[in-house]
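Student: Sequence plus predicted model, see below.
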Amino acid sequence: MADFKYEIVEELGVLSENTKGWRKELNLISWNGAAPKYDIRDWSPEHEKMGKGVTLSEEEYESLKKLM
């Protein structure tokens, strides 16, 4: 797998937490130095590991808010 960099620019909220401490979070993340995007995924307690997730542009995030 190729190396990639990420920076959690803003932690927006925790949606849930499992018994092992992993949390499903909504964050604003910059991937590989690009403009930050909204991101929903599982994270280990200290953000050292991540699960699969969904990344949304500003427009997609706004559309999701309207749908909900």
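Tutor: Looks like it came in fine. Numbers count the residues shown, from 1 in each chain.

Student: Quick one: low-confidence residue ranges for this protein.
Tutor: Filtered on pLDDT under 70, the chain yields the residue ranges 1-2.

Student: Can you give the contact residues for the longest strand anywhere in it?
Tutor: Secondary structure of the chain per DSSP state E: the longest strand is strand 6-17. Contact with strand 6-17 is made by 23-32, 36, 38, 40, 47, as judged by CB atoms under 8 Å, 6 or more residues apart in numbering. Yep, even glycine has a C-beta here, placed from its N, CA and C like the rest.

Student: the strands in this protein, which residues?
Tutor: Applying DSSP E to the chain gives strands spanning 6-17, 23-31, 37-43, 50-56.

Student: and the first one, which strands flank it?
Tutor: When you say that, I think you mean strand 6-17. Here strand 6-17 is paired, per DSSP bridges, with strand 23-31 (antiparallel).

Student: and Gly33, how many neighbours?
Tutor: 8 (other CB atoms under 10 Å).

Student: let me fix that: Ile40
Tutor: 16.

Student: Turn the strands of the chain into JSON lines, columns for distance to Leu64.
Tutor: Converted to JSON lines, the strands of the chain look like this (distance: least, CB to CB, whole Å):
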{"stretch": "strand 6-17", "distance to Leu64": "13"}
{"stretch": "strand 23-31", "distance to Leu64": "10"}
{"stretch": "strand 37-43", "distance to Leu64": "8"}
{"stretch": "strand 50-56", "distance to Leu64": "7"}
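
Student: To Leu67, which of the ones you listed lies closest?
Tutor: Within the strands of the chain, the stretch nearest Leu67 is strand 50-56; the backing value is 11.9 Å (CB to CB).

Student: Strand 23-31 and that closest one, what's the angle between them?
Tutor: Interaxial angle of strand 50-56 relative to strand 23-31 (axes from the mean of the first three to the mean of the last three CA atoms, to 10 degrees): 60 degrees.

Student: So in that sheet, which strands flank strand 50-56, and in what orientation?
Tutor: Applying DSSP bridges, strand 50-56 is found paired with strand 37-43 (antiparallel).
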